[in-house]
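Undergrad: how would this look folded up:
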Amino acid sequence: MKNFDQRWQTLTEQARQMPGQEAPQVPWGLATRVAARLRERPLETWEDIFIRLGMRAAWAAFALLVLSAGLVLSDWTQPSLELPQVGVSLGSDLLWP
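TA: Just a heads-up that it's a prediction; the model follows:
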């Protein structure tokens with residue numbers, strides 16, 4: 001298998017041997033229009049960035065909430081054959097007068 005440099009040299013040599021084609025002409029004033037459009041576009045403020053990231057964080061938190069609620073619900077719906085350990089320990093440890 002050829003290494004990268006050999007393949008690169010082969011491809012560049014093939015590209016040099018191709019018949020020359022001139023690049024299409026750029027329309028007049030294109031650079032000026034692009035620069036003007038960039039100047040007109042307002043910069044994003046920190047507030048916009050935090051709002052966008054905050055919404056992503058809120059959706060991620062919501063997804064985690066739904067996932068954890070589903071896990072808890074699935075645990076509640078499974079029947080348990082054991083006695084609840086909290087009830088057993090509290091019932092046996094309490095001293096009734």
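Undergrad: Read off the pLDDT value for T45.
TA: For T45, the model assigns a pLDDT of 83.
Undergrad: which element is the most centrally placed residue in the chain on?
TA: Residue closest to the mean C-alpha point of the chain, counted by Cα atoms, centre = their mean, is R56 at 8.9 Å. For R56, the element it lies in under DSSP states H and E is helix 46-77.
Undergrad: what's the distance between that helix and the middle of its chain?
TA: Distance of helix 46-77 from the chain centroid (Cα atoms, centre = their mean, to the nearest Å) equals 14 Å.
Undergrad: Likewise for stretch 72-79?
TA: 31 Å.
Undergrad: which stretches of the protein have low pLDDT?
TA: Residues of the chain that meet the criterion pLDDT under 70 lie in 1-2, 23, 80-97.
Undergrad: Mind doing that once more with 80?
TA: Applying pLDDT under 80 to the chain flags the ranges 1-2, 18-24, 43-44, 75-97.
Undergrad: For P42, see how far away the residue nearest to the centre of the chain is.
TA: 22 Å (Cβ to Cβ, to the nearest Å). Glycine gets a C-beta too; all of them are placed from N, C-alpha and C.
Undergrad: Equivalent analysis for P24, please.
TA: 32 Å.
Undergrad: do I49 as well
TA: Taking Cβ to Cβ, one finds I49 at 13 Å from P42.
Undergrad: So P79: helix, strand or coil?
TA: Following DSSP: H, G, I helix; E, B strand; the rest coil, P79 is assigned to coil.
Undergrad: count of neighbours near it?
TA: Neighbour count of P79, defined by other Cβ atoms under 10 Å: 4.
Undergrad: Number of residues surrounding L65?
TA: 10.
Undergrad: And the one 5 residues further on, by the same measure?
TA: Summarising burial for G70: neighbours were counted as other Cβ under 10 Å, giving 10.
Undergrad: check contacts around it.
TA: G70 sits next to no residue when contact means Cβ atoms under 8 Å, 6 or more residues apart in numbering.
Undergrad: Tell me how many other residues surround Q6.
TA: The tally of other residues near Q6 (other Cβ under 10 Å) stands at 10.
Undergrad: name the element it belongs to?
TA: Judged by DSSP H and E, Q6 forms part of helix 4-17.
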